[in-house]
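**Q** Would you be able to build a 3D model of this:
(one chain, ligands or ions: 1)
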Amino acid sequence: MRLKPQVHLPHCITNWFPLAIWRMPIEKKTVYLTFDDGPIPEVTPWVLDLLMEHNIKATFFAVGENVFRYPEIFEQIIDDGHAVGNHTYHHLQGLKSDNKTYYKDIVHANKMIGSNLFRPPHGWLKRAQYRYLSGKYKIIMWDVISCDYNQNITKEEVLNNVLEFAREGSIITFHDSLKAESHLKWVLPRAIEALKAEGFEFDKIEFPKVRRLVFSPALQRIRRLRNNLRQLGLRS
Ligand SMILES: [Zn+2]
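**A** Prediction:
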């Protein structure tokens, strides 16, 4: 069995967050490229051009303060047909944040990002945060982390992390960040070419939006009951 926990987490770890999405359906030979921490002018437009060239749709987990700084790049991501997800406003670490601050930061980011997808910065959450956020978002984790941000490994190792572990339904994590820039710009074109050559297709991550409360049958029943009471003069 292949084991490289920093790239591909074993089940005993992923089972901690069973409601989170670690891998997409495995029936099709499709992988899901994801890009965290952008948008920034130095990297994100370059990624968008490359994806456009290959006609690939991907998913961008945006940091709210970067969206605020570079709204035109964020709009370009949407215009190009990619999916976007919430990665908090200040790239907060769940484990180091009190819950209220953490949730507020996510809501603040979502005023601009407007997504039902959430990926926790640094990939981890407290149990209470996980439970609370699972009711509001699809929490998207990963099947393969490229480690493109890690300057202690070579670009060849980053490429190898992707190609060795990518499989049907893999959610593959890259970063459109300055830290990852040099690795990413070397690795991503090669990873795409190699995965294509292996017969993989690419798609973005989408889930139907969680049904809003106003449409819920329970609420409609309560409204009907209130109207009936009003008509009977029992309630103003
Ligand atoms: Zn991040």
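**Q** How about the contacts made by residue 78?
**A** For residue 78, the contacting residues are residue 84, by Cβ atoms under 8 Å, 6 or more residues apart in numbering. Bear in mind the C-beta positions are built from the backbone N, C-alpha and C, glycine included.
**Q** Around the ion, pick out the residues from this protein.
**A** Counting by Cβ under 5 Å from the ion, the positions of the chain adjacent to the ion are 36-37, 121.
**Q** which one of these has the most neighbours?
**A** Within the residues of the chain next to the ion, neighbour counts (other Cβ atoms under 10 Å) peak at residue 36, which reaches 25 neighbours.
**Q** What is the longest helix along the chain packed up against?
**A** Criterion DSSP state H: the longest helix present in the chain is helix 181-197. Contact analysis of helix 181-197 by 3 or more Cβ pairs under 8 Å, 6 or more residues apart in numbering; DSSP states H and E lists helix 44-53, helix 155-165, strand 171-175 as its packing neighbours.
**Q** quick one, the longest one and helix 181-197 angle?
**A** Spelled out, that is helix 155-165. 30 degrees (axes from the mean of the first three to the mean of the last three Cα atoms, to 10 degrees).
**Q** Could I get the CA-only coordinates of helix 155-165 as PDB?
**A** C-alpha atoms of helix 155-165 as PDB (Å, rounded to 0.1, in the frame of the first residue of the first chain):
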ATOM      1  CA  LYS A 155       9.800  20.500  -8.100                       C
ATOM      2  CA  GLU A 156      10.300  17.000  -9.300                       C
ATOM      3  CA  GLU A 157       9.100  15.700  -6.000                       C
ATOM      4  CA  VAL A 158       6.100  17.900  -6.100                       C
ATOM      5  CA  LEU A 159       5.200  16.600  -9.600                       C
ATOM      6  CA  ASN A 160       5.800  13.000  -8.400                       C
ATOM      7  CA  ASN A 161       3.400  13.600  -5.400                       C
ATOM      8  CA  VAL A 162       0.700  14.400  -7.900                       C
ATOM      9  CA  LEU A 163       1.400  11.700 -10.400                       C
ATOM     10  CA  GLU A 164       2.000   8.900  -7.900                       C
ATOM     11  CA  PHE A 165      -1.200   9.400  -5.900                       C
END
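**Q** Would you mark the buried spots in it?
**A** Across helix 155-165, burial judged by 16 or more other Cβ atoms under 10 Å covers 157-162, 165.
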